[in-house]
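A.B. asks: For reference, the sequence and a predicted model appear below.
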Amino acid sequence: MFSIEDCQVIQSSLDNLLSLKLLHDAGYRVSDMGCWVTDYAFENMGGDIFMKATERLFGACAEEEEEDGSYDIRKFVILCPDVEELLGVFTKEWVERQLRWNKRVVCDWTGAEMIIELKKMGFIIEIHESPSYFNQFIQELIQIRKLLDRLLVYAQYLKGNRGARYAAFYCEV
């Protein structure tokens, strides 16, 4: 018979495995992202995979922890040079419209929410409450990365990059 802690460890570990599979299916290398099995003795169940996935998708990622009385807020600052490049060509409002993203994603299992804000240097991601399951958040970030890549091809096309003309022909921007 499993205890509650054992069930939480199993669920969190399987969520980590699903998160790595989502990244792998999107074409990212996951073999060097560490162990997906978690332990409830660690404070940050699943958070390491989320942090590594965010770094793999966008670049540098740093975490700031805040406590706001009644619940936890985890803030991630993501430095993404691709966003800087896009905002050098297009307005912030246009990029946000083209990204067609969910600025607020709620975890189906825990009620935790991820709020994403576009900044000049990249993104600010806030996670309210403490999720044990990150796969929905990672799935949304993968979609944002795919849309960023399409916008980058379009920006290169507008700049006159000859190779991007052919790539933009196949992209739906």
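C.D. replies: Yep, that arrived. Numbering: from 1, shown residues only.
A.B. asks: Let's verify the residue most central in space within the chain: helix, strand, or coil?
C.D. replies: Centroid check for the chain by C-alpha atoms, centre = their mean gives Leu141 as the closest residue, at 3.3 Å. Classification of Leu141 using DSSP: H, G, I helix; E, B strand; the rest coil returns helix.
A.B. asks: what's the distance between it and Glu96?
C.D. replies: Shown here: Leu141 relative to Glu96, a distance of 15 Å by C-beta to C-beta, to the nearest Å. Bear in mind the C-beta positions are built from the backbone N, C-alpha and C, glycine included.
A.B. asks: try Tyr157
C.D. replies: In terms of C-beta to C-beta, Tyr157 sits 20 Å off from Glu96.
A.B. asks: cool, Glu129 as well?
C.D. replies: For Glu129 relative to Glu96 (C-beta to C-beta), the value is 25 Å.
A.B. asks: How about the secondary structure of Val105?
C.D. replies: In three-state terms, and counting by three-state DSSP, Val105 is strand.
A.B. asks: quick one, what contacts it?
C.D. replies: By C-beta atoms under 8 Å, 6 or more residues apart in numbering, Val105 lies in contact with Glu113, Met114, Ile116, Gln136, Phe137, Glu140.
A.B. asks: what about the closest residue in space to Phe134 that isn't next to it in sequence, helix or strand, and which?
C.D. replies: In this structure, Phe134 finds its nearest non-sequential neighbour in Phe50, 4.2 Å apart by C-beta to C-beta, 6 or more residues apart in numbering. Phe50 belongs to helix 47-58 when assigned by DSSP states H and E.
A.B. asks: got the buried residues for that helix?
C.D. replies: By neighbour count on 16 or more other C-beta atoms under 10 Å, the buried set for helix 47-58 is Gly47, Asp48, Ile49, Phe50, Met51, Lys52, Ala53, Thr54, Glu55, Arg56, Leu57, Phe58.
A.B. asks: Just send the residues you listed back as CSV, with pLDDT and distance to Cys80 too.
C.D. replies: Below are the buried residues of helix 47-58 laid out as CSV (pLDDT from 0 to 100; distance: C-beta to C-beta, whole Å):
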residue, pLDDT, distance to Cys80
Gly47, 60, 20
Asp48, 79, 20
Ile49, 84, 19
Phe50, 84, 16
Met51, 86, 15
Lys52, 88, 16
Ala53, 90, 14
Thr54, 90, 10
Glu55, 90, 10
Arg56, 91, 12
Leu57, 92, 9
Phe58, 91, 4
